[in-house]
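Visitor: Have a look at this prediction, sequence included:
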Amino acid sequence: MDVYLPILRDIWRSPTGRIGLVLVILILLFAILGPVFSVAPNKIAVQDRFQGPSLQHLLGTDNLGRDLFSRTAQGTRAALAISLIVVALSLLIGAIIGVAAGMAGGWIDRGVIVLFDIISAYPAVILAMGLIALYGVGFTNLLLVVTLLFIPQFGRMARAQTLSLRHQPFIDAERVLGLPMAKLVWRHFLPNVLGPLIVLASMNVPVVITIEAGLSFIGLGVQPPQASLGSLIRDGYVFLNQSWWPTIGSAITLALATLGSTLFGEALRDAADPKLRGRHK
Amino acid sequence: MTAAISIRDAKLRFGHTQALDSVTLDVAPRDCFGLVGESGSGKTTLMRVILGLERLQSGSIRLFDAPLKSGSAGIAQRTRLVQAIFQDPAASLSPRRRIGQLLDEVGEVLGEARDSIRARQAALFQRLGLPPGTVDKYPYQISGGQARRVAVARALLMNPRILIADEPTAGLDVSVQGDLLNLLQELRADRDLTLVVVSHNLAVVRLIADAAAVMHRGRIVEQGPAAQVFDGPAADYTKRLLASWPRLRWHALGSNLE
Amino acid sequence: MSGAAISHLSVDFATKGGIHHAVRDISLAAGPGRILGLVGESGSGKSTVALALMGLLAGNAEVTSGALQLGSESYDLARAQATAALRGIRMAMIFQDPFASLNPVFSIRAHLTEVLSRRSPELDGEARNRAAMEALAAVGIDRPEIRLAQYPHELSGGMRQRVAIAMALLVRPDLLIADEPTTALDATVEAQVMQQICGLRDRIGCSILLITHSLGLVAQYCDDIAVMYAGELVEQGSVAAVAAKPGHPYARALLACEVTIDAPRGADARASRFRIIPGDLPDPLHLPSGCIFRTRCDMAIADCARIVPPPVTVNGEPGHVARCIRVNEK
């Protein structure tokens, strides 16, 4: 803990980091507790359609009379779950591929780099649309496709870290000691590669949230009746001339979630960089 | 007599630079061998070749008459024969592991029981003047001088027959550099070690080495007993190198040796 | 020209643990055309002296007192930006790492003409170019017309340091500060660079403050020597006088630790043992009373803890002083 506490303290001391941290906690609480304290999100009550905010429906109701507070909470939960799973998976896979490529060198390394370049040559959302069109919509496919999009970022950084670590004196010292390669990688490469990757991961959470919302907006993401921030905005948008309430809650939540995680990620990046450590007194 | 290190016609090229050019060298057992030269002379590359960190493109290397594979295959083979203290000892300790964990790795490599390796480690710490609590610390929590001693302890735990010291005086003030040099001298006497000192510090190598080689642009330009290399050099480059070394004018103070 | 003198310089650093008095009451004088070697080990404060003179101290540092005398004028170093107007005109500096002090995106020509635009604004472009070329030739750089168009990364370390010397040459300062100018260089290059620095002194007759940890360098190239320990000046004098009889026990111990290239060599290298100074630097936040060196001194007596030693003339030699109360004891 003696390593992590100063990082948290630094985040708290930076004004934007503090806003980010508070927003992230609020959004997390909303996603976890929101559905618990509200009516069933998919319960249709057509007679109550297009209501404004009231004590019974804090964010009003949509075109089918569904409670928007619970639907927004459900959508937030989906957005957070998807972004955390995607980021964790792409970090793990990217780290393994990147470290392996960096250690192996030669044609394996070059092949991996070419593969990463091919994936990142396409605009992310277009590639995701194409792949989902090809393999079909659904939660699992959504996860897998977005994960694939993010692997190159993590892989590249893991590879670059590995390459610079390879020439560190402590790696030479461990090699001269005769430590087997597997232990060398596990004990002395991974812990030093992981730090920057975790920072990158936290910066990528908001990006994944917007990609998920974007795909759901055009109907390729989370499928109805399950709510998603993207599909809630789309539904609200369709009926904008009848009521503008349905778009408000989900749009603001999306904005706050991306803003919060961006600010938090940036503060984490600064706090994890020893050169910038202690800037905020 | 079998040479501790025997290198024949070693060649290694990095891109456009001939890092090692037909290097042939013998280090007698229990000698202190000084390898001197300026930056880019190839002395560090030669050290890395002996340690197995670089692969020779041609030529051979033998330690105590055993031919060695080069590159990482040869490391396991030579780890019990040769160990090193790197130039920046603090940077040679893996930053996210405790000192104790780093030293336990030696036991793992040697297949030695944990109790036995820890007993040897405690004895070495006492000998080197390191507080026993050092094992619970991370490398960034100890001083540069302590890191240097931990690096020495780790190398000695392997019970090597050859110890290489890379620039043992670099970055040290004159009032403390003697500490490590004297320690190396004592260890040499106690443990029958063959010592290789890689350094740009001619004055120090001149006093500590029995034999020496001068490297320049990947070649060994002069090699022989230290007295001959430093006090009666034959090669022009050696003469030039020695002439450029600053001289103190205060001999009245007498010897700087104790 | 009448040389440069620093009087009563003190510098504090604000640290987590409290105020660290890094430099305490240092007075130094470098006569015109003389090279003063300021030697000390890490933590002695010698580089802080240089940075304080140039006004380049870190944000947590404060010059609490001190004056710089250049010729007939005096500058109060405790004032912010006291020497800003002198930099590049009456003072110049050569740093340890010329790669860090030369701007990588500017050509050598740009570096040299930049100096001239500040020092000699009356010159036109053609004249500046010619002066830059002459300066490079003067520091022993061959084919200066080609070098002018090159960038710092295209030059070797020794060459970059020569460019820094050429820049100083164009400044024609009264005081040149060289902070460890050869530490990053090989011995053969070090000798060449030092010869160029001496050549610059001969050419423009400035005072040079050479900051170094190498006694060998001081012995070979300097006229005067000042020895710092833990933020204080402990001894000062001509190199010849200090070499003949160092007055302060620290200076004596330091000289004895220096390993010389022509030291007597025993028959058996195994028997070689090297001198050290036992003990550690005092904790900067809890300095000992009295003499700063007494905790490591083998001559310390009870009075050393009581008396802050004043500068005492050593051996009746004018200008050679040491801050030790036992200095002239037999």
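Guide: Sure thing, it's come through.
Visitor: And the helices in chain C, which stretches?
Guide: Counting by DSSP state H, one finds helices in chain C at the ranges C:46-54, C:98-101, C:108-119, C:125-138, C:144-148, C:157-171, C:187-204, C:215-221, C:239-244, C:249-257, C:302-306.
Visitor: do the same with chain A
Guide: Along chain A, the segments classed as helices by DSSP H run A:5-13, A:15-33, A:68-104, A:106-121, A:124-135, A:139-166, A:169-177, A:181-183, A:190-217, A:229-238, A:245-272.
Visitor: ranking the helices of chain C by burial, who's on top?
Guide: Counting by mean count of other C-beta atoms under 10 Å in any protein chain shown, helix C:157-171 has the highest mean neighbour count of those, with a mean of 25. The C-beta positions use only the backbone N, C-alpha and C, and glycine is treated the same way.
Visitor: which helices and strands does that one pack with?
Guide: Packing partners of helix C:157-171 (3 or more C-beta pairs under 8 Å, 6 or more residues apart in numbering or on different chains; DSSP states H and E): strand C:91-94, helix C:98-101, helix C:108-119, helix C:125-138, helix C:187-204.
Visitor: In the stretch 1-150 of chain A, where is pLDDT below threshold?
Guide: Residues of the stretch 1-150 of chain A meeting the criterion pLDDT under 70: A:1-4, A:37-39, A:46.
Visitor: So which residues make contact with stretch C:63-77?
Guide: Where contact means C-beta atoms under 8 Å, 6 or more residues apart in numbering or on different chains, the residues beyond stretch C:63-77 that reach it are C:1-12, C:25-26, C:52-53, C:57, C:78, C:82-83, C:86, C:90-91, C:174-175.
Visitor: Give me the buried subset of these.
Guide: Buried subset of the contacts of stretch C:63-77 (neighbour count, 16 or more other C-beta atoms under 10 Å in any protein chain shown): C:3-7, C:9-12, C:25-26, C:52-53, C:57, C:78, C:82-83, C:86, C:90-91, C:174-175.
Visitor: could you pick out which of those are near chain B?
Guide: Intersecting the buried ones among the contacts of stretch C:63-77 with the surroundings of chain B, defined as C-beta under 8 Å from any C-beta of the partner chain, gives nothing.
Visitor: Around chain A, pick out the residues from chain B.
Guide: Contact residues, chain B versus chain A (C-beta under 8 Å from any C-beta): B:48, B:51-53, B:72, B:75-76, B:79-80, B:82-84, B:86-88, B:91-97, B:105-106, B:108-109, B:151, B:154, B:158.
Visitor: where exactly do the helices run in the stretch 151-258 of chain B?
Guide: Using DSSP state H, counting those that start in this stretch, the helices assigned to the stretch 151-258 of chain B run over residues B:174-191, B:202-208, B:226-231, B:236-244.
Visitor: Generate TSV for these, with mean neighbour count as supplementary columns.
Guide: Written out in TSV, the entries for those read as follows (neighbours: other C-beta atoms under 10 Å in any protein chain shown):
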stretch	mean neighbour count
helix B:174-191	18
helix B:202-208	25
helix B:226-231	20
helix B:236-244	17
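Visitor: Identify whichever of the ones you listed lies nearest to chain C.
Guide: With distances scored as C-beta to the nearest C-beta, the stretch of these nearest to chain C is helix B:174-191 (3.1 Å).
Visitor: by contact count, what packs against that closest one?
Guide: Using 3+ C-beta pairs under 8 Å, 6+ apart as the contact criterion, the neighbours of helix B:174-191 among helices and strands are helix B:144-157, strand B:162-166, strand B:194-199, helix B:202-208, helix C:249-257.
Visitor: Would you format those as CSV with distance to C:Asp202 and mean pLDDT included?
Guide: Formatted as CSV, the entries for the helices and strands packed on helix B:174-191 read as follows, by distance: least, C-beta to C-beta, whole Å; pLDDT from 0 to 100:
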stretch, distance to C:Asp202, mean pLDDT
helix B:144-157, 40, 92
strand B:162-166, 40, 95
strand B:194-199, 34, 95
helix B:202-208, 29, 93
helix C:249-257, 28, 91
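Visitor: Could you point out which of these sits nearest A:Phe170?
Guide: helix B:144-157 (10.0 Å; C-beta to C-beta).
Visitor: Please compute how far the closest one lies from its chain's middle.
Guide: Its chain's average C-alpha position is 13 Å from that of helix B:144-157, according to C-alpha atoms, centre = their mean, to the nearest Å.
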